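Participant: quick one, structure for this:
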Amino acid sequence: MSNNVVRAVVCLGILIGAKAEGQLVKPDQSPISIKPESPIDALGRTTPRGTVLGFLKAARKGDDETAAQYLNTDLRGKRAAVLAHQLFVVLDRRLPARLNELSDRPEGSMAFLTRPNLDLVGTISNGKDKVDIVLEHVDEKKNGQLWLFSEETLDKVPDIFDEVNAVSVEDILPAFLVHTRIAQIALFEWLGVLLGLPLLYLLTGLLGRGLRPLAGSLRRRLLKDPNLLNVDVLPKPVRLLLIALAIRWTLSVFTLSLLARQFWSGIAATITIASCVWLFILFNGRCEDFVRRRFERSNRSGATAVLSLGRRTIDLLAIFVGILVALHYFGVKLTAALAGLGVGGIAVALAAQKTLENVIGGISIIFDQALRVGDTLNIGSATGVVESVGLRSTRIRTLDRTVVSVPNGQLANVQLENLSVRDKFWFHPNIGLRYETTEQMLRSILDNASELLMQHQFVERGSVRVRFLRFGSSSLDIEVFAYVLARDWPHFLEIQEELLLQIMAIVGTTGAHLALPSQIMYLATDHLAEANGVPKVMAPPAKETVSALQ
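Facilitator: Model (predicted):
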């Protein structure tokens, strides 16, 4: 029995050990199969853009044999070269100038969802029909996966070639203007940019000057105001738009090569984007002027600084958006640029934290109208008049005629006492009368002072209060309470001076006197000192003195 138990325990241990060993075994460290990279094609046929540009470059040089290698065809030799030449003529005459929109990715643009191995180059017209120029992703064993012009497209090329009989402008121009190139751009195109565009801009300026009197006369007649001046009907950005439209019209009328049409299309797009941004900036400036006039009428001159900042910010955003649109048009990838801009914006925001705090504080102060230029403020221990409210700081002219610049971020977090926005001023003097004043005198002073305040034109009658307040240490105290309806602080001081002088006259008329802070000292005689328990030697001379303390 014991042997069977021992055997069972040994078998159980072996099983547990085998299981643990299976769990502790190291993971498979066999090398991961890495897919070999596709070989780099010397002709640049790994992307749709590389295929089209490489084909056009080879065919334009007259190297039809090399151009034939971009075709997915069974033809060889001279027949393939002829087909390549026909395809080049068709593309050069009819293909829309959108080479910058071609995909630069090995997988293509996925223009055909059901057939991902195809990519669309463009659509050309063949009479009433539309023909798609398509590239096909072909897997060649030697060169890997390449983009080639599809067989379906090549089958339609001969028929389209027979229809292409237009005479190109390049065939009319002298040969040296066409074949002489600077930075891969023909000489006649450089002349068009350097001479044609300035001349066309000058012509639009002359057209604007000719239309200005006519537009001014029509404006005066419609608005019925003979004093209105002539307006500029063709501002500079509109003239640039007219140039872009003229370029587009020229491309639609005259037959140019594909690269020439691509060049001039880029020029027209650049001019259009720049003129649109320029027009928006001018419109933004007109809006700022309109809003500024409204603010000035409502006495909110401090908001002009915010308007200027807002206009400049919007202008910068418009310029930035225009640059992004231009880069996108020319096929530049914007993802990395926008990501870098976001990181850079965060870094700038952290570095300019205090500046942004002051700017935001200034905007809140201006729109909350907590203070205005010309207001008198109490800020802590400083008192002065606001001279200017900027975006970063507010300048205050103190009573010592010094200028204190307070950052707006700090100003937005402190307690401000605006003395200029008071609707009424507190008149609150305390009058002290001597203790020799009789009850009759005191009642007469109270009644006359109350009547004086009630009848004054700048004193709010409902707030008048003249009362005998208390027995002071050296005077009988009378409290005078009233609100004065003054225009400003100097006007209040003038009214207060007048009221104080009249109250002083009332006190003098009753025979009473204003009290001064005083103390009475009683010097006891010898017998009084002994009666009060004071030693005789310490008793002062017997007399009474009254000391008035100013």
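Participant: quick one: average pLDDT of the helix or strand harbouring residue 217?
Facilitator: Assigned by DSSP states H and E, residue 217 belongs to helix 197-223. Averaged across helix 197-223, pLDDT comes to 79.
Participant: pull out the buried positions in it.
Facilitator: Buried residues in helix 197-223, counted by 16 or more other CB atoms under 10 Å: 197, 200, 204, 208, 212, 216. To be clear about C-beta, it is placed using only N, CA and C from the backbone, and glycine gets the same treatment.
Participant: likewise for stretch 434-454?
Facilitator: For stretch 434-454, burial by neighbour count (16+ other CB under 10 Å) applies to 437, 441-442, 444-446, 448-450, 452-453.
Participant: can I get those in CSV including distance to residue 193, secondary structure and pLDDT?
Facilitator: Output for those, formatted as CSV (distance: CB to CB, whole Å; DSSP: H, G, I helix; E, B strand; the rest coil; pLDDT from 0 to 100):
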residue, distance to residue 193, secondary structure, pLDDT
437, 101, coil, 88
441, 102, helix, 90
442, 100, helix, 91
444, 100, helix, 91
445, 96, helix, 90
446, 96, helix, 91
448, 95, helix, 91
449, 91, helix, 91
450, 91, helix, 92
452, 89, helix, 91
453, 86, helix, 91
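Participant: just curious, which of the residues you listed is nearest to residue 326?
Facilitator: For residue 326, the closest of the buried residues of stretch 434-454 turns out to be residue 453, at 75.6 Å, with distances computed as CB to CB.
Participant: which ones are touching the nearest residue to the closest one once chain neighbours are set aside?
Facilitator: Nearest in space to residue 453, with sequence neighbours left out and distances taken as CB to CB, 6 or more residues apart in numbering, is residue 464 at 4.5 Å. Applying CB atoms under 8 Å, 6 or more residues apart in numbering, we find residue 464 in contact with 450, 453-454, 481-482.
Participant: please redo it, this time with the cut-off set to 7 Å
Facilitator: Counting by CB atoms under 7 Å, 6 or more residues apart in numbering, residue 464 makes contact with 450, 453-454, 482.
Participant: between these, which is closest to residue 325?
Facilitator: Proximity of these to residue 325 (CB to CB) peaks at residue 482, which lies at 68.8 Å.
Participant: quick check: bridge partners of the closest one?
Facilitator: Beta-bridge partners for residue 482, by DSSP bridges, are residue 427.
Participant: my guess is it contacts residue 463, does it?
Facilitator: Yes - the pair residue 482 / residue 463 is scored as a contact, 5.3 Å apart, by CB atoms under 7 Å.
Participant: these two: which is more packed in?
Facilitator: Here residue 482 and residue 463 are compared on neighbour count by other CB atoms under 10 Å; more neighbours surround residue 482, at 26 against 15.
Participant: three-state assignment of residue 479?
Facilitator: strand (DSSP: H, G, I helix; E, B strand; the rest coil).
Participant: so how far does stretch 446-466 reach from one end to the other?
Facilitator: Length of stretch 446-466, first residue to last, CA to CA, to the nearest Å: 6 Å.
Participant: residue numbering should commence at 45 henceforth.
Facilitator: With the count now opening at 45, the last piece we talked about shows up as stretch 490-510.
Participant: show me where the stretch 45-194 of the chain has helices.
Facilitator: For the stretch 45-194 of the chain, the helices defined by DSSP state H, counting those that start in this stretch cover 46-68, 92-104, 108-112, 122-138.
Participant: and the third one, what's buried?
Facilitator: Think helix 108-112. Neighbour count says helix 108-112 has 108, 110-112 buried, by 16+ other CB under 10 Å.
Participant: let me know the closest of those residues to residue 300.
Facilitator: residue 111 (20.3 Å).
Participant: tell me who's in contact with the closest one.
Facilitator: By CB under 7 Å, 6+ apart, the residues touching residue 111 are 99, 102-103, 128, 132.
Participant: return the closest of those with respect to residue 461.
Facilitator: Each of the contacts of residue 111 was scored against residue 461 by CB to CB, and residue 99 proved nearest at 79.6 Å.
Participant: burial count for that closest one?
Facilitator: A total of 26 residues lie near residue 99 under the criterion other CB under 10 Å.
Participant: look up phi and psi at the closest residue to it other than its chain neighbours.
Facilitator: Nearest residue to residue 99, sequence neighbours excluded (CB to CB, 6+ apart): residue 114, at 4.1 Å. Torsion angles at residue 114 (phi, psi; degrees, to the nearest 10) stand at phi -90, psi 0.
Participant: for residue 114, give me the pLDDT.
Facilitator: pLDDT recorded at residue 114 is 89.
Participant: I'd like to know how far it sits from residue 108.
Facilitator: Applying CB to CB, to the nearest Å, the value for residue 114 to residue 108 is 11 Å.
Participant: one step back: out of the contacts of residue 508, who's nearest residue 438?
Facilitator: The closest of the contacts of residue 508 to residue 438 turns out to be residue 526 (CB to CB; 34.0 Å).
Participant: residues in contact with the closest one?
Facilitator: Residue 526 makes contact with 471, 497, 503-504, 507-508, according to CB under 7 Å, 6+ apart.
Participant: so which of these comes closest to residue 218?
Facilitator: Using CB to CB, residue 504 is the member of the contacts of residue 526 that lies nearest residue 218, at 95.8 Å.
Participant: quick check: phi and psi on the closest one?
Facilitator: Backbone geometry at residue 504, expressed as degrees, to the nearest 10, gives phi -70, psi 120.
Participant: so how many other residues sit close to it?
Facilitator: By the criterion of other CB under 10 Å, residue 504 has 14 neighbours.
Participant: quick one: contacts for it?
Facilitator: Applying CB under 7 Å, 6+ apart, we find residue 504 in contact with 468, 526-527, 529.
Participant: highest neighbour count among the residues you listed?
Facilitator: Across the contacts of residue 504, the neighbour count under other CB under 10 Å reaches its highest value at residue 526, namely 26 neighbours.
Participant: how far away is that one from residue 496?
Facilitator: 10 Å.
Participant: same question for residue 110.
Facilitator: Going from residue 110 to residue 496 by CB to CB gives 112 Å.
Participant: can you check residue 364 too?
Facilitator: Noted for residue 364: a distance of 70 Å to residue 496, by CB to CB.
Participant: and what of residue 367?
Facilitator: Counting by CB to CB, the gap from residue 367 to residue 496 is 75 Å.
Participant: just the buried positions in stretch 513-526, please.
Facilitator: Neighbour-count burial for stretch 513-526, with 16+ other CB under 10 Å as criterion, is recorded at 518-522, 524, 526.
Participant: for it, what is the average pLDDT?
Facilitator: Taken as a whole, stretch 513-526 has a mean pLDDT of 89.
Participant: list the contacts for residue 478?
Facilitator: Applying CB under 7 Å, 6+ apart, the residues near residue 478 are 519, 557, 559.
Participant: closest to residue 152 among those?
Facilitator: Of all these, residue 519 has the smallest distance to residue 152: 101.8 Å, by CB to CB.
Participant: now the closest one: phi and psi?
Facilitator: Dihedral pair for residue 519: phi -160, psi 160, per degrees, to the nearest 10.
Participant: about what we covered before: out of the buried residues of stretch 513-526, who's nearest residue 201?
Facilitator: Among the buried residues of stretch 513-526, residue 526 lies closest to residue 201 (CB to CB), at 102.9 Å.
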